[in-house]
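[1] With the sequence up front, the predicted model follows.
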Amino acid sequence: MSMDSILVSNPRNYNNSTQNIPNDIIIDILTKLPVKSLLRLKGICRSWYSLIKDEKFVKQHHDTHKNRQKYFIISRGHEIFHHYTMDVPQVVDSTRIVSLIEPPIRIDQSLKVYPNIQYFSSNGILFITYSHDIIVMWNPSTRESRRIPSPIYNNRGSMYSFCYFHYIDDYKIFRLRCGDNKEIDIFSTKSNMWKSIGMFPSNYYFLGFNVVMVDGIVYMMARNKENLPSVTILRFCLEKEKFEDELLFPYVVPWTRHVLHSLGEKLCLIRILDDNREFWLYTMEKNSWNKILTIPLALKNGLKPVSFTEDGSMMFQSFDRRGFVAYNSTLHKFEQVNVGGIKGLYFNKVVTYEETLSSLNP
């Protein structure tokens, strides 16, 4: 059934002020509304309820909002941690504020849990691991959540990531078990099951900083046991559930610090040179590295790129309790970004997501 037929199937959904408005205009207006407003509109009549739950409408709404990014934050307080959401801040707009949000399930919010939390986003859905056996997928816009079964073999210190594959309508979770025997497990929301894929390649040492997911590919830094001085990047295709060819670095300097990140839909490589205190940022496009930013670092501030702003600046999470700073590549300087409600908060990690009506349950 088309979206138009849903709207006209019940004539009671029209009143005198809307009966002459074409269906495509009504749909276009509705797709621009935030999720919170649409959830209220679902109760107006059956036809609107059916429309807002329609798969085509859900996709059209997501496509409309996918560039209107929001931040999800877990912040450490004095004795407990909290969850927050906020719109992506802008340098010229200091009206952004953080909003406290209840966690998706009842959990221990004491600080003893805090170091083990990992969280990621895909298709507007958050994936959160509070411990090795408390794993949740959560839509913060609709507040719908889904508890994921405990993995096959529970062990602390595992590294996770996940991705949504729209053409098969399936979320897949990647887990790398850390320890002496590094093994890879995959979870599918369609099958609701974990399965073991096999061992991490035996001819590489995993450099256990992080695993990064971009467009269905998991990237991991490693050293070839036969060529220890050099660092490489291994790629694991989550759709095909197998390793692909190595991804080479854009330069050969073996003992500098490298960190992988995802920035939107781009893979980023950060290189920090201690001697002259420079921050180099590369993005991967069409299997080729592109150096997009060089920032001189006068102070030893911890910085992590989070997103681009609407005016083209790059937003960084600052680990010196300044919250957010933006780098203006035209003026070549950092600018403080004021956000209401973050004073005194310490952010563990900030991930971007977009609003979605997507459901987590079959």
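    Cool, the structure landed.
[2] Just confirm S158 contacts L176, I think it does.
    Yes - using CB atoms under 8 Å, S158 is in contact with L176, at 6.4 Å. Placement of C-beta: from N, CA and C, glycine included.
[3] now R146: how far from M137?
    5 Å (CB to CB, to the nearest Å).
[4] cool, L303 as well?
    30 Å.
[5] Using PDB, write out every CA atom in the biggest helix by length in the chain.
    Identified as the longest helix of the chain according to DSSP state H is helix 55-65. Provided in PDB are the C-alpha atoms of helix 55-65 (Å, rounded to 0.1, in the frame of the first residue of the first chain):
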ATOM      1  CA  GLU A  55       8.400   1.700   6.100                       C
ATOM      2  CA  LYS A  56       8.600   4.100   3.100                       C
ATOM      3  CA  PHE A  57       7.600   7.100   5.300                       C
ATOM      4  CA  VAL A  58      10.100   6.100   8.000                       C
ATOM      5  CA  LYS A  59      12.900   6.000   5.300                       C
ATOM      6  CA  GLN A  60      11.800   9.300   3.800                       C
ATOM      7  CA  HIS A  61      11.800  10.900   7.200                       C
ATOM      8  CA  HIS A  62      15.300   9.500   8.000                       C
ATOM      9  CA  ASP A  63      16.700  10.700   4.700                       C
ATOM     10  CA  THR A  64      15.300  14.200   5.400                       C
ATOM     11  CA  HIS A  65      16.900  14.300   8.800                       C
END
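[6] Tell me which other helices or strands that helix touches.
    helix 23-31 (3 or more CB pairs under 8 Å, 6 or more residues apart in numbering; DSSP states H and E).
[7] repeat that with 10 Å
    helix 3-8, helix 23-31, helix 35-41, helix 46-53 (3 or more CB pairs under 10 Å, 6 or more residues apart in numbering; DSSP states H and E).
[8] Those helices into JSON lines, with extra columns for mean pLDDT?
    Listed next are the helices and strands packed on helix 55-65 as JSON lines, based on pLDDT from 0 to 100:
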{"stretch": "helix 3-8", "mean pLDDT": "53"}
{"stretch": "helix 23-31", "mean pLDDT": "86"}
{"stretch": "helix 35-41", "mean pLDDT": "91"}
{"stretch": "helix 46-53", "mean pLDDT": "86"}
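[9] Would you mind putting these into a markdown table with distance to N227 alongside?
    Shown next, in a markdown table, are those (distance: least, CB to CB, whole Å):
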| stretch | distance to N227 |
| --- | --- |
| helix 3-8 | 56 |
| helix 23-31 | 52 |
| helix 35-41 | 50 |
| helix 46-53 | 54 |
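[10] if I look at S158 and L176, which residues touch both of them?
    Common neighbours of S158 and L176, counting by CB atoms under 10 Å, 6 or more residues apart in numbering, are K182, E183, D185.
[11] show me the contacts for the residue nearest the centre of the chain.
    The centroid of the chain falls nearest to S121 when counting by CA atoms, centre = their mean (3.0 Å). For S121, the contacting residues are 69-70, 72, 127-128, 138, 140, 162, 164, 213, 262, 351-354, by CB under 10 Å, 6+ apart.
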